[in-house]
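Enquirer: can you look at this prediction? I've put the sequence above it.
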Amino acid sequence: MLKDEILEILDLLNKYNIPEESQRELFEKGLHFDFTYGDPDPTNKNQHLNIFGVGILLKTCLENNIRINVKKLLDEPWMFQDENLIKEVAMAQNRCKVKVKTLGK
């Protein structure tokens, strides 16, 4: 259920001590990982994680004892070193796209 997913994401954000202002920004924009550092991206190395993808990333790191500096991740996502992990999370995010019906339709 969508409500449960969102509550779980909020719980993860709180576990990582992410301030509310940063949480709001994540909900609005997600995170963009620019592994080409502004260069053209013909091989699609760059990835964008929406809030659900960010939740998958945090949960994956928590469950697998992967140490991440969340403050640095939020401030400089392009500096995140594990490009393969981000690619896998982005693929998982795309497999789990949530479609919400518009009310009244």
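Expert: Perfect, I can see it now. Numbering: from 1, shown residues only.

Enquirer: find the centremost residue of the protein, please.
Expert: Nearest residue to the geometric centre of the chain (CA atoms, centre = their mean): residue 54, 1.9 Å.

Enquirer: where exactly do the helices run in this structure?
Expert: 2-15, 20-29, 51-63, 70-75, 83-95 (DSSP state H).

Enquirer: those: which one's closest to residue 36?
Expert: Nearest to residue 36 among those is helix 83-95 (10.5 Å), distances taken as CB to CB. Backbone N, C-alpha and C define where each C-beta goes, glycine included.

Enquirer: can you tell me what sits against that closest one?
Expert: Residues outside helix 83-95 that contact it (CB atoms under 8 Å, 6 or more residues apart in numbering): 33, 35, 45, 47-50, 52-53, 56-57, 60, 66, 80.

Enquirer: please list only the buried members of these.
Expert: 33, 35, 47, 49-50, 52-53, 56-57, 80 (16 or more other CB atoms under 10 Å).

Enquirer: low-scoring stretches of the chain, by residue?
Expert: 97-105 (pLDDT under 70).

Enquirer: kindly recompute the last result at 50.
Expert: Residue ranges of the chain with pLDDT under 50: 98-105.

Enquirer: residue 54 contacts residue 28, correct?
Expert: No. Contact criterion CB atoms under 8 Å: residue 54 and residue 28 do not qualify, at 11.7 Å.
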